[in-house]
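Q: need a 3D model of the sequence below.
(2 chains, ligands or ions: 2)
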Amino acid sequence: MLASSHEGEAGGSYLLRFLKAPLASFQDFLFLAGRAFGNILRSPHYYDDVFLQMDLIGVGSLPIVVPTGALSGAIIALQMSRALSTYGANSEVGPIVALTLVRELGPVLTALLVAGRNASGIASELGSMQVTEQIDAMRALGTDPVQKLVTPRLLATATMLPCLTVIADAIGWIAAYLIAVPLLHLVSSGYYWSSSWRALVPNDLAQGLIKPLLFGIIISLVGCYYGLRTTGGTQGVGRATTQAVVSASIWIFFVTFLIDKIFVNL
Amino acid sequence: MPDSPPSPMVEFEAVSLRFEDTWALHDVSFKLHAGQTHVILGAAGSGKTTLLKAVIGLVRVDRGSVKLFGEDITAMSEHDLYPLRGRTGVLFQEGGLFDSLQVGDNVEYPLLNRQIGEHNNKTDSSSAETQAREALRFVELEQTFDKFPSEVSGGMRRRVGIARAIVTEPPLVLYDSPTAGLDPITANTIMALILKERDVRNTASLIVTHRYQDGELMADFRYDPERQELVRLPQDGGSRHRTRFIVMKQGEIVFFGTRDELAASSDQYVKRFVRHEE
Ligand SMILES: Nc1ncnc2c1ncn2[C@@H]1O[C@H](COP(=O)(O)OP(=O)(O)OP(=O)(O)O)[C@@H](O)[C@H]1O
Ligand SMILES: [Mg+2]
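A: Numbers count the residues shown, from 1 in each chain, chains lettered A, B, ... in the order given. Ligands and ions are numbered 1, 2, ... in the order given. Predicted coordinates:
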């Protein structure tokens, strides 16, 4: 009792310390987020930019999302087969794979990959535009950089990340099947599919889609935020890129934690 | 006199602005009237770029007031600033050309941009292209219309920047270090363009430069449209009095005056920006 409450406190202060730097600029970030969302309904709409970004972020991320999804499915199946066999529960491999992928690994792994690829890409692109005064030029020529740059990236990432996650989940599920059924003969093919599908309740599917939606929002806004506040020339661009990936990744874990807490209590 | 019309185009009153612990601008006051040129000199980091950005509200000042075309923009919203910015051309120190757009599209951008405001009649794209070509011809770069900014030289990019700054024929143009980092010949070409723009269209301008000779050119020469070249102004009067010099030091204006006053200054810092006669 005592030990656990003590542990909780230490965890809390550690978390606060860890989040101190992001909290300092959190207000600016929220302000940017507010403007980016506010612009969704306001004209002018830069549809071309939205589609361009969807292509860059969605289609462009497939080459890393597909193999990672496949490998994580295969790895879960391999690891679980050993654990399950000690309990004589080989037949449960399908449900375990499905739940792990859909609830947790699919969204988080995909988001981390996309954060590494696109939070950095967005931050370096907007950062270079900032240090070469293209952002100032935009404002001088009457274009709102949030409307033109941030909102399209927000829309594109928030819609593409759930799609990528579904694809990663599906590929992982198939890869796990290939390990569990043809390779290890843990269960029959029919039972693998039917048992794993039955294991998923709406709550899991909701988690599996809400998470990537939020992660998409985080990745795009964090990338834009660090990009737009870049100072100090090309070195500054490098710094902004690193900061964007680090803080997007931390936020992804933090939000996962929050959502899990909410859904566990449901 | 055209020198002192009632309302200046730009007016700074005791403007201060700080970044963290440095004053980028400190108690800066000046006026720029229609048709006038102010040449801004000063050491690196003395606040020259910040001053230009404050003119069109790209940076917000902490104290004092900034007026642009007679309107107080100190606390104006970004949206309300767009029409005023639409009447100001800017050449940025770092170029500011959109590298995702071709040269021609860069120059057309100010014409086509609808967000600038209702009172700027929408230009259709064919007349925008004509105007953009004309602006590029002005800087003698029509052949680069379909190139990307990364595909032309640094001096050419500077000229494209000038074309974009003047394509809407604004009454006020801000040039941030138009000749920095260029060889003397290219630098003189660019200064000739700036003088041509000033004298053909009688624009007011603020020019930041590291080269004293740029200021000398602005003060002592004019563009002669018939002979298509720069000619020296008569020593006494003429348009010489339209050019003023500002010297900045750590965010403050330490000198304001004519070229002759600048040359006669005994201040050690100010003297650094005057060419010494050999
Ligand atoms: N975005 C910013 N964040 C923090 N400090 C800044 C920023 N922009 C400018 N400064 C600081 O403000 C001061 C004035 O900068 P400014 O760019 O106006 O100088 P400058 O006179 O244009 O210099 P240069 O001749 O090198 O272009 C400098 O000390 C600079 O470090
Ligand atoms: Mg500067």
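Q: which residues of chain B lie near ligand 1?
A: Contact residues (C-beta under 6 Å from any ligand atom) of chain B with ligand 1: B:19, B:22, B:24, B:42, B:44-50, B:93. Glycine gets a C-beta too; all of them are placed from N, C-alpha and C.
Q: element containing residue 137?
A: All of this refers to chain A. helix A:134-140 (DSSP states H and E).
Q: hm, I was asking about chain B
A: helix B:125-138.
Q: quick one: that helix to chain centroid distance?
A: Here the centre of helix B:125-138 is set off from its chain's centre by 21 Å, with C-alpha atoms, centre = their mean, to the nearest Å.
Q: one more: stretch A:171-189?
A: 26 Å.
Q: name the surrounding residues that touch that stretch.
A: Outside stretch A:171-189, the residues within contact range by C-beta atoms under 8 Å, 6 or more residues apart in numbering or on different chains are A:66, A:69-74, A:76-78, A:81, A:84, A:90-91, A:93-94, A:97-98, A:101, A:105-106, A:192-193, A:195-196.
Q: surely B:Lys48 touches B:Asp176?
A: Yes: applying C-beta atoms under 8 Å, one finds B:Lys48 in contact with B:Asp176, separated by 7.4 Å.
Q: ligand 2 contacts on the stretch 1-150 of chain B?
A: For the stretch 1-150 of chain B, the residues in contact with ligand 2 (C-beta under 5 Å from the ion) are B:49, B:93.
Q: re earlier: buried ones from the residues of chain B next to ligand 1, can you make that a PyMOL selection?
A: Buried residues within these, by 16 or more other C-beta atoms under 10 Å in any protein chain shown, are selected in PyMOL with:
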select buried, chain B and resi 24+42+46+47+48+49+50+93
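Q: what residues does B:Ile40 make contact with?
A: B:48, B:51-52, B:206-209, B:245-248.
Q: heading C-terminal from the helix or strand hosting A:Ser85, find the next helix or strand.
A: Using DSSP H and E, A:Ser85 maps to helix A:60-86. Toward the C-terminus, helix A:60-86 is succeeded by helix A:93-99 as the next helix or strand (DSSP H and E).
Q: what's that next one packed up against?
A: The contact analysis (3 or more C-beta pairs under 8 Å, 6 or more residues apart in numbering or on different chains; DSSP states H and E) places helix A:93-99 against helix A:60-86, helix A:151-178, helix A:189-199.
Q: what about 10 Å?
A: If you count contacts as 3 or more C-beta pairs under 10 Å, 6 or more residues apart in numbering or on different chains; DSSP states H and E, helix A:93-99 packs onto helix A:60-86, helix A:151-178, helix A:189-199, helix A:202-228.
Q: export those as JSON lines, with columns for mean pLDDT.
A: JSON lines is the format used below for these (pLDDT from 0 to 100):
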{"stretch": "helix A:60-86", "mean pLDDT": "92"}
{"stretch": "helix A:151-178", "mean pLDDT": "96"}
{"stretch": "helix A:189-199", "mean pLDDT": "91"}
{"stretch": "helix A:202-228", "mean pLDDT": "95"}
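Q: now those helices in CSV, with mean neighbour count?
A: Below are these laid out as CSV (neighbours: other C-beta atoms under 10 Å in any protein chain shown):
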stretch, mean neighbour count
helix A:60-86, 18
helix A:151-178, 23
helix A:189-199, 15
helix A:202-228, 23
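Q: would you format those as JSON lines with distance to B:Pro171 included?
A: Shown next, in JSON lines, are these (distance: least, C-beta to C-beta, whole Å):
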{"stretch": "helix A:60-86", "distance to B:Pro171": "45"}
{"stretch": "helix A:151-178", "distance to B:Pro171": "33"}
{"stretch": "helix A:189-199", "distance to B:Pro171": "70"}
{"stretch": "helix A:202-228", "distance to B:Pro171": "31"}
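Q: looking at the ones you listed, spot the one closest to ligand 1.
A: helix A:202-228 (11.3 Å; C-beta to the nearest ligand atom).
Q: now the angle between helix A:202-228 and whichever helix or strand comes after that closest one, please.
A: Next along the chain after helix A:202-228, taking DSSP H and E as the criterion, comes helix A:233-265. For helix A:233-265 against helix A:202-228, the angle by axes from the mean of the first three to the mean of the last three C-alpha atoms, to 10 degrees is 160 degrees.
Q: helix A:233-265 near ligand 1 at all?
A: No: using C-beta under 6 Å from any ligand atom, helix A:233-265 never reaches ligand 1; the gap is at least 9.8 Å.
Q: buried residues in that helix, which are they?
A: So for helix A:233-265, counting by 16+ other C-beta under 10 Å, buried means A:236-237, A:239-241, A:243-252, A:255-256, A:259.
Q: contact partners of stretch A:57-68?
A: A:51, A:53-54, A:69, A:105-106, A:109-110, A:112-114, A:116-118, A:121-122, A:153, A:156-161, A:163-165, A:167-168, A:170-172, A:175, A:216, A:219-220 (C-beta atoms under 10 Å, 6 or more residues apart in numbering or on different chains).
Q: thinking again about what came up before, any residue of the helix holding B:Arg137 up close to chain A?
A: No: counting by C-beta under 10 Å from any C-beta of the partner chain, chain A has no neighbours in helix B:125-138; the shortest distance is 13.2 Å.
Q: now for that helix, which elements pack on it?
A: Short answer (3+ C-beta pairs under 10 Å, 6+ apart): helix B:125-138 packs on helix B:103-112, helix B:154-166, helix B:184-201.
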